[in-house]
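Colleague: Kindly return the folded structure for what I paste below:
(2 chains)
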Amino acid sequence: MADNSAQNYWKANIKIVLSLLSVWFFISFGCGILFVDTLDTIRFGGFKLGFWIAQQGSIFVFVGLIFAYIHLMDKLDDKYKLESANARDTEAGGDSE
Amino acid sequence: MSVQVWTYAFVILTFGLYIGIAIWSRASSTKEFYVAGGNVPPLANGMATAADWMSAASFISMAGLIAFLGRDGAFYLMGWTGGYVLLALLLAPYLRKFGKFTVPDFIGDRYYSRTARLIAVFCAIVISFVYVCGQMQGAGIVFSRFLEVDIRIGVIIGMGIVFFYAVMGGMKGITYTQVAQYCVLIFAFMVPAIFISIQMTGQFIPQIGFGSELLDGSGYLLDRLDGLSEELGFPTYTDGHRSTQDVFFITAALMFGTAGLPHVIIRFFTVPNVRDARKSAGYALVFIAILYTTAPAVSAFAKTNLINTVNNIEYTAVPEWFTKWETTNLIVFDDKNGDGRIQYVGDPEINELQVNRDIMVLANPEIAGLPNWVVALVAAGALAAALSTAAGLLLVISTSVAHDLLKRSFMPKITEKQELRYARISIFVAVLIAGYFGINPPAYVAQVVAFAFGLAAASFFPAIVMGIFYKRMNREGAIAGMLAGFGFTAMYIIYFRFINPAVDNPENWWFGISPEGIGALGTMVNLAVAYTVAKFTPAPPLEVQKIVEDIRLPGDI
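Modeller: The predicted model follows:
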């Protein structure tokens, strides 16, 4: 039971990391490098969009990603803690359920 | 008061502060010496990590490099901050859970092998030494220009200060001085940037001023800069000039390399638990981002100012800062056509002015004509950046020698007290060697730094990531991978930079990847070799698999 919740925890963890890293890849390597010339045709204020993402925007996104990670992992940790506590209770309770 | 008096005042004040903190935070056990007792609050660790991370290169050189690279300079910005995302998501929490003192500790235990541990020690020491030399050189430039002392005396003063608080306080002393150094360096970086932003665009926030219209009515800053560049025959500032695949690979190499830097990784061993490790990674990136998003704005301001101030003016009418920097040879004027005016243009045949990239940040306040105290502030900030990083690196060298090499590999019987003494002795020796290279810098420092990033990217980063995320990875695979990745990267760089520099151009590079970016390919080589070798060799022992399962779980939260 505890093993099961550990496995679920790890799977959920991988999912969080992969989805955040795909945003990371899309913004930096995608918008900042591969599609930068296309995005440069769009302007806002004194910036070309591609140039702005490469030199400023990507860094703001990176900060956001780490805080999203902190938030999601804290939530996952709490859930796991509850699950493994329940699992321990069930084991200790023996034949109760 | 003159700039020099102000500089002395700031330098003495900040150095006094660092020494005071060192006395207050003496280390008495190896745990305090290596990981500050493991009870640094996340906010403090975030600041310390930011100072540790942002070196003389970030403070002094980066904005200047971007000013001359234009849009391509983004590979430094994205590479160094994006690598931090990898560090926070893939390494920091798990290594904290593992809960030892050093990176070679992890490699050695996870791959149950003294060979793997020794390879890691070797990499950690090489990477750290290369870095320390750069820091000392940065400190030397600041001392010689601002305090007008001999560069040798400058380096010796800097080394003396670092030595004092690193030897006394170890990680504990370093952590709290780094917190102070972060405050000094960010203040010193932001004040001139804000002043110049207001002066040029009327915007208080440099990040906004970057995209605003100039007060002199010549349109948006970046358009004006593009126009000036075109007029003088420089490459357009906001366009890319390197091939896309090269920028892609350099960014990737800097990211993987950054995530594998041992002196930054060990900072996460100092917080109480995994949750705090994640939180302090978030704080650290916020503190880093303040400087990193300001730097490209500073680049654009400084470049525009420089062109406007020096191009086509009479040499006899140059401002005072110009002559002062000329004496350090960081600005060189050669009146090729003999008209007594400075022609600063893109065509190397008629261009008469060579400007060293490193002075863009240091000279920026002077170029903009800011008050003396602001000019002096930059010197204190640059020193804080150089010393904080140097201290972190020296600690890595010292723990690698005392802990990994002696205690864990060759002299397991030494007591904690002896280990602590060896740690202090090795810091002392490391300081002397770093000081030597600071005074007699090797001519190819910039190249060697690229080498260090490639090395970290091709050796540490894949070995640690696979150690956490691929349970089946074994000793044979990891060692083969590290050797292959390291060997491949080293050979590529050595060939193009030292053996045959004549062919160091895009036509001869593999897939158009420059030696700066080859570390990314080295990472792939490491991964591929490690995976293949691990397939054909026995799985790691059960107790090692147990370690992996254990570091994946949050533990006591």
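Colleague: In this structure B:I250 contacts B:I518, no?
Modeller: No. B:I250 lies out of contact with B:I518 (CB atoms under 8 Å); the separation is 9.2 Å. No exception for glycine: its C-beta is placed from N, CA and C like everyone else's.
Colleague: Regarding chain B, what is its longest helix?
Modeller: helix B:151-201 (DSSP state H).
Colleague: Where does the residue with the largest distance to the centre of chain B sit: helix, strand or coil?
Modeller: In chain B, B:D339 marks the outermost C-alpha relative to the chain mean, sitting 41.9 Å out by CA atoms, centre = their mean. Three-state call for B:D339 (DSSP: H, G, I helix; E, B strand; the rest coil): coil.
Colleague: what about the strands in chain B?
Modeller: B:331-333, B:353-355 (DSSP state E).
Colleague: try chain A
Modeller: A:43-44, A:47-48.
Colleague: I'd like to know which of these lies nearest to chain B.
Modeller: When the strands of chain A are compared by CB to the nearest CB, strand A:47-48 sits nearest chain B, at 4.4 Å.
Colleague: Would you mind listing the outside residues contacting the closest one?
Modeller: A:L39, A:D40, A:T41, A:I42, B:F210, B:G211, B:L222, B:T238 (CB atoms under 8 Å, 6 or more residues apart in numbering or on different chains).
Colleague: same thing but 7 Å
Modeller: Residues from elsewhere that reach strand A:47-48 (CB atoms under 7 Å, 6 or more residues apart in numbering or on different chains): A:D40, B:G211, B:L222, B:T238.
Colleague: Sheet-wise, list the partners of that strand with their directions.
Modeller: strand A:43-44 (antiparallel) (DSSP bridges).
Colleague: Okay, the closest residue to B:G46 other than its chain neighbours and B:P554: tell me how far apart.
Modeller: Leaving aside its chain neighbours, B:G46 sits nearest to B:Y283 (2.7 Å; criterion: CB to CB, 6 or more residues apart in numbering or on different chains). Distance of B:Y283 to B:P554, given as CB to CB, to the nearest Å: 19 Å.
Colleague: B:F453 too?
Modeller: Using CB to CB, B:F453 is found at 32 Å from B:P554.
Colleague: Can you get me a residue count around B:Y237?
Modeller: Neighbour count of B:Y237, defined by other CB atoms under 10 Å in any protein chain shown: 27.
Colleague: ok, now how distant is it from B:A386?
Modeller: 28 Å.
Colleague: List the beta-bridge partners for the residue in the stretch 101-250 of chain B that chain A sits nearest to.
Modeller: Nearest residue of the stretch 101-250 of chain B to chain A: B:Y220, at 3.3 Å (CB to the nearest CB). For B:Y220, the beta-bridge partners are B:E213 (DSSP bridges).
Colleague: Next one, pLDDT for it please.
Modeller: Predicted confidence (pLDDT) at B:Y220: the value is 88.
Colleague: That one contacts B:G209, correct?
Modeller: No. Taking contacts as CB atoms under 7 Å, B:Y220 lies outside contact range of B:G209: 10.7 Å.
Colleague: what about those two, which has more around it?
Modeller: Using other CB under 10 Å as the criterion, B:Y220 and B:G209 rank with B:G209 on top: 26 against 19.
Colleague: wait, the more buried one sits on B:A297?
Modeller: Yes. In this structure, B:G209 is within contact of B:A297 by CB under 7 Å, at 6.2 Å.
Colleague: Show me which residues of chain A sit near chain B.
Modeller: A:6, A:9-10, A:17, A:20-21, A:24, A:28-29, A:32-34, A:36, A:45-48, A:51, A:54-56, A:58-59, A:62-63, A:65-67, A:69-70, A:73-74, A:77, A:80-81 (CB under 7 Å from any CB of the partner chain).
Colleague: Restricted to helices, list those.
Modeller: A:6, A:9-10, A:17, A:20-21, A:24, A:36, A:51, A:58-59, A:62-63, A:65-67, A:69-70, A:73-74, A:77, A:80-81.
Colleague: Poorly predicted segments of chain A, please.
Modeller: A:1-2, A:90-97 (pLDDT under 70).
Colleague: In stretch B:402-413, which residues are buried?
Modeller: Buried positions in stretch B:402-413, judged by neighbour count with 16 or more other CB atoms under 10 Å in any protein chain shown: B:A402, B:H403, B:D404, B:L405, B:L406, B:K407, B:R408.
Colleague: just these now: which is nearest B:D109?
Modeller: The closest of the buried residues of stretch B:402-413 to B:D109 turns out to be B:R408 (CB to CB; 9.1 Å).
Colleague: In the stretch 51-200 of chain B, what residue lies closest to chain A?
Modeller: In the stretch 51-200 of chain B, the residue that lies nearest chain A is B:A74 (3.6 Å; CB to the nearest CB).
Colleague: Nearest spatial neighbour of that residue, chain-adjacent residues omitted?
Modeller: Here the residue nearest B:A74, using CB to CB, 6+ apart, is A:A54, at 3.6 Å.
Colleague: cool, B:M190 as well?
Modeller: Nearest to B:M190 is B:T294, by CB to CB, 6+ apart, at 6.5 Å.
Colleague: For B:G140, see how far away B:L405 is.
Modeller: 29 Å.
Colleague: Now do the contacts for the most centrally placed residue in chain A.
Modeller: By CA atoms, centre = their mean, chain A has its centre lying nearest to A:L20, at 3.5 Å. Shown in contact with A:L20 (CB under 7 Å, 6+ apart): A:L65, A:A68, A:Y69, B:L89.
Colleague: Now for the first one: which residues touch it?
Modeller: A:L65 makes contact with A:L20, A:V23, A:W24, B:V85, according to CB under 7 Å, 6+ apart.
Colleague: Most neighbours of all those residues, which one?
Modeller: Highest neighbour count within those, by other CB under 10 Å: B:V85, with 27 neighbours.
Colleague: List the contacts of that residue.
Modeller: Contacts of B:V85 by CB under 7 Å, 6+ apart are A:W24, A:F62, A:L65, A:I66.
Colleague: From B:K407, how far off is the spatially closest residue to B:G37 that is not a sequence neighbour?
Modeller: Closest residue in space to B:G37, ignoring its immediate chain neighbours: B:K31 at 5.7 Å, by CB to CB, 6+ apart. Using CB to CB, B:K31 is found at 13 Å from B:K407.
Colleague: Could you double-check that B:V162 sits in contact with B:A386?
Modeller: No. If you go by CB under 7 Å, B:V162 and B:A386 don't touch, sitting 9.3 Å apart.
Colleague: what does stretch B:89-97 contact?
Modeller: Applying CB under 7 Å, 6+ apart, the set of residues contacting stretch B:89-97 is A:17, A:20-21, A:69, B:106, B:259, B:265, B:268-269, B:271, B:274, B:277-278, B:281, B:464-465, B:468, B:551, B:555.
Colleague: Select only the buried ones of these in PyMOL?
Modeller: PyMOL command restricting these to the buried ones, with burial defined by 16+ other CB under 10 Å:
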select buried, (chain A and resi 17+20+21+69) or (chain B and resi 106+259+265+268+269+271+274+277+278+281+464+465+468+551)
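Colleague: just the buried members of the residues of chain A next to chain B?
Modeller: Here, 16+ other CB under 10 Å leaves A:6, A:9, A:17, A:20-21, A:24, A:28-29, A:32-34, A:36, A:46-48, A:51, A:54-56, A:58-59, A:62-63, A:65-67, A:69-70, A:73, A:77, A:80 buried among the residues of chain A next to chain B.
Colleague: tell me which parts of the stretch 151-300 of chain B are close to chain A?
Modeller: B:207, B:211-213, B:220-223, B:238, B:240, B:244, B:247-248, B:251, B:275, B:278-279, B:281-282, B:285-286, B:289, B:292-293, B:296.
Colleague: In contact with the closest residue to B:L377 other than its chain neighbours: list those residues for me.
Modeller: Closest residue to B:L377 apart from its sequence neighbours, by CB to CB, 6+ apart: B:A188 at 4.6 Å. For B:A188, the contacting residues are B:L377, B:V378, B:A380, B:G381, by CB under 7 Å, 6+ apart.
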